[in-house]
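Trainee: what shape does this take:
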Amino acid sequence: MRFICFILLVTFITACTQSNPNQGTSGEDTLKAHEMDRAIEANEQTFSDIIYVPIYSDIYLDQQNQSTLLAATLSIRNTSFSDSLFISTIDYYNTDGTLVRSYIENPISLGPMATINYVVDKDDDTGGPGANFIVELSAKMDIRPLIQAVMVGQSGSNKSFSFATDGYSIK
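Mentor: Coordinates of the predicted model:
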């Protein structure tokens, strides 16, 4: 009987812990794994940009202003076949324009044709309906990366929906 109680307790505790949606299969944070240990030299870069990406962490579903929480995935894609893309800032702002969090401490090197994604969990309501990301990036050559956000939500027990937004240069 004690063994069964122990198994139930362990199952309950592990079911309640929330996993990090940004961890890879070996447990590493996917952004941290791409971080460089040195700064990017500005004179080495001929291309730089600042991208604004709208994110919706919740949206209104009906006239009674009932909202539903959304999961959001920020996707940064290097469209170059030969050059790396360097990302120096990924900052998340809320509806009021207040910085909620910075996702990287050191620049990220994103190889040719590579993609990096970051997930804002559905239960993370710190952004609000007008949240956004600011992504600062650079490269040695002129690259036009594709930066988007995909939001996914659920209404009721069997109705799901998703939509995407594009990032826009604000430099």
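Trainee: contact partners for residue 146?
Mentor: 75-77, 79 (Cβ atoms under 8 Å, 6 or more residues apart in numbering). Heads up, the C-betas are built off the backbone N, CA and C, glycines and all.
Trainee: which residue packs closest to the residue positioned nearest the centre of the chain, ignoring adjacent ones?
Mentor: Computing the C-alpha centroid of the chain and ranking residues by Cα atoms, centre = their mean puts residue 118 first, at 2.8 Å. The shortest distance from residue 118 to any residue other than its chain neighbours is 4.7 Å, reached at residue 74 (Cβ to Cβ, 6 or more residues apart in numbering).
Trainee: that neighbour - how many residues pack around it?
Mentor: Look at residue 74: counted by other Cβ atoms under 10 Å, it has 22 neighbours.
Trainee: cool, residue 166 as well?
Mentor: For residue 166, the count of nearby residues is 12 (other Cβ under 10 Å).
Trainee: what number of residues lie near residue 53?
Mentor: Residue 53, neighbours per other Cβ under 10 Å, totals 22.
Trainee: surely the residue nearest to residue 118 touches residue 117?
Mentor: Yes. Using Cβ atoms under 8 Å, residue 74 is in contact with residue 117, at 6.7 Å.
Trainee: report the contact partners of residue 77.
Mentor: 114-115, 145-148.
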